[in-house]
Structure formats: structure tokens, C-alpha cells
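1. fold the following for me, if possible:
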Amino acid sequence: MSDVKYEVVEENLKTEGLNYTSYGIIIYEGTKVIRHISDVFLNKNEAVRYVKLFNDENLSPVHIDYVIEDIISN
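-> Model prediction:
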């Protein structure tokens, strides 16, 4: 899985008439996008910190849903 890379993506979203900025995650395998997970974080620094950890630890994409669930439940 060494060719898997995670990246933060800034998103400008709208819900119930309110605009807000959130940060999602794009997962690449080589140069191909294999997954885009929208609206995960509201704090850019937190998003960057976790994505760096995912890359440093070579997190397998099969675990990302469980990891995100743990992050947002805390």
C-alpha cells in the first residue's frame, strides 16, 4: 500500500441555506483517485494533522471508514 496517499480537500458547502467550509479527504492510489470523502472536518489544522498521520502510518484505505468514525465520535 505504499503508493496510497491521503490529501486534504477544502470544500465550500451549503446546508439549510447556510454556507460553511469543511475539509474532506481524497485518497489516491498512484495518480488515480480511489475515494473522495466529503465533509469530514470543520477545522483545517485537525484535517491536516490526521491526513499526515494517515500517510505516515500508511493507513490502508479499507480502514478509513472505521478511523473516521472513531475520530468524529470523540
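2. pull the number of nearby residues for residue 12.
-> Other residues lying near residue 12 total 8 when counted by other CB atoms under 10 Å. In this view, the C-beta of every residue, glycine as well, is placed from N, C-alpha and C.
3. same check, this time on residue 8
-> 19.
4. and it, how far from residue 21?
-> 12 Å (CB to CB, to the nearest Å).
5. cool, residue 49 as well?
-> Residue 49 is 17 Å from residue 21, by CB to CB.
6. the two: which has the busier surroundings?
-> Ranked by neighbour count (other CB under 10 Å), residue 49 and residue 21 place residue 49 first, with 13 against 10.
7. just say helix, strand or coil for the more buried one.
-> With DSSP: H, G, I helix; E, B strand; the rest coil as the basis, the three-state label of residue 49 is helix.
8. next one: it, what pLDDT does it get?
-> pLDDT, residue 49: 98.
9. kindly report the same for residue 1.
-> pLDDT, residue 1: 51.
10. for the helix or strand hosting residue 13, which positions count as buried?
-> Element membership for residue 13 (DSSP states H and E) is strand 4-15. Using 16 or more other CB atoms under 10 Å as the burial criterion, the residues of strand 4-15 that qualify are 4, 6, 8.
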